[in-house]
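Chemist: I'll drop the sequence and a predicted model, then ask my questions.
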Amino acid sequence: MKIQSQPLADRIPPARMSEIELVDACLAENRLAQKELYDRYKQAMFTLAYRVTGDFEQAADVLQEAFLKVFRHLGSFRRESTLGAWIKTILIRTAYSQIRTNKLFIEPLENTPAPEQMDWSVFSNAEYLEKAIMDLPTGYRTVFTLVEIEGYAHKEVAELMGISVGTSKSQLFYAKKRLRETLQAYGY
């Protein structure tokens, strides 16, 4: 019986690799593994990028920039958390950096216009809620998404966004208040 001399990462198809095997294969510059890593996480990360930025084009830019950072810094992945959580952290920081660069930072409630009047009857309940969330000011939407949808603690949000825990809590309070007002105004 002949022992195979190829590394394990070269013998397992990337689609069947565990997270750790996939990371190791990517670090060994296995292009199929790199494509698999991207394919495994792109949809969830794009959805998160869109929820944070509120713009499809900006979300696509954030996704691309975040994955460039992922591949550039994959060697620093300490495997203390899941790969998905690590990628999500990079994506959120990238999105928030881009938001700050574009001067779409946290806005006080009194400085933001009310959502535009439109015929909400064309939306299902889920679509309506998604539209209402996307109409929130950037800071409110980001904190709401991270805490209520992604499950982050206020301390984690504060660290990711470079704000205080109190600001995170305040942004969430006003996001919920704005959502409640919007939903009530349209009979939900």
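Modeler: Received it, and whenever you're ready, just let me know what you need.
Chemist: Can you name the next helix or strand after the helix or strand of the chain with the lowest mean pLDDT?
Modeler: Ranking every helix and strand in the chain by mean pLDDT, DSSP states H and E puts helix 8-11 at the bottom, with a mean of 57. Next helix or strand after helix 8-11 toward the C-terminus (DSSP states H and E): helix 19-27.
Chemist: Alpha carbons only: can I get the following helix or strand past that next one in PDB?
Modeler: Following helix 19-27 in sequence order, the next helix or strand is helix 31-53 (DSSP H and E). Extracted in PDB, the C-alpha atoms of helix 31-53 (Å, rounded to 0.1, in the frame of the first residue of the first chain):
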ATOM      1  CA  ARG A  31      -7.200  28.700  -5.300                       C
ATOM      2  CA  LEU A  32     -10.200  26.300  -5.300                       C
ATOM      3  CA  ALA A  33     -10.200  26.500  -1.500                       C
ATOM      4  CA  GLN A  34     -10.100  30.300  -1.600                       C
ATOM      5  CA  LYS A  35     -13.100  30.300  -4.000                       C
ATOM      6  CA  GLU A  36     -14.900  27.900  -1.700                       C
ATOM      7  CA  LEU A  37     -14.300  30.100   1.300                       C
ATOM      8  CA  TYR A  38     -15.700  33.100  -0.600                       C
ATOM      9  CA  ASP A  39     -18.700  31.100  -1.900                       C
ATOM     10  CA  ARG A  40     -19.500  29.800   1.600                       C
ATOM     11  CA  TYR A  41     -19.800  33.200   3.100                       C
ATOM     12  CA  LYS A  42     -20.600  35.700   0.400                       C
ATOM     13  CA  GLN A  43     -24.400  35.600   0.600                       C
ATOM     14  CA  ALA A  44     -24.600  36.000   4.300                       C
ATOM     15  CA  MET A  45     -21.900  38.700   4.300                       C
ATOM     16  CA  PHE A  46     -23.500  40.600   1.500                       C
ATOM     17  CA  THR A  47     -26.800  40.600   3.300                       C
ATOM     18  CA  LEU A  48     -25.200  41.900   6.400                       C
ATOM     19  CA  ALA A  49     -23.200  44.600   4.400                       C
ATOM     20  CA  TYR A  50     -26.500  45.700   2.800                       C
ATOM     21  CA  ARG A  51     -28.300  45.900   6.200                       C
ATOM     22  CA  VAL A  52     -25.400  48.000   7.600                       C
ATOM     23  CA  THR A  53     -24.900  50.300   4.600                       C
END
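Chemist: And helix 31-53, what does it pack against?
Modeler: On a contact count with 3 or more C-beta pairs under 8 Å, 6 or more residues apart in numbering; DSSP states H and E, helix 31-53 meets helix 19-27, helix 56-72, helix 83-101, helix 138-144. For glycine as for every other residue, the C-beta is placed from the backbone atoms N, C-alpha and C.
Chemist: Give the buried residues for that helix.
Modeler: Buried residues in helix 31-53, counted by 16 or more other C-beta atoms under 10 Å: 33-34, 36-38, 40-41, 45-46, 48-53.
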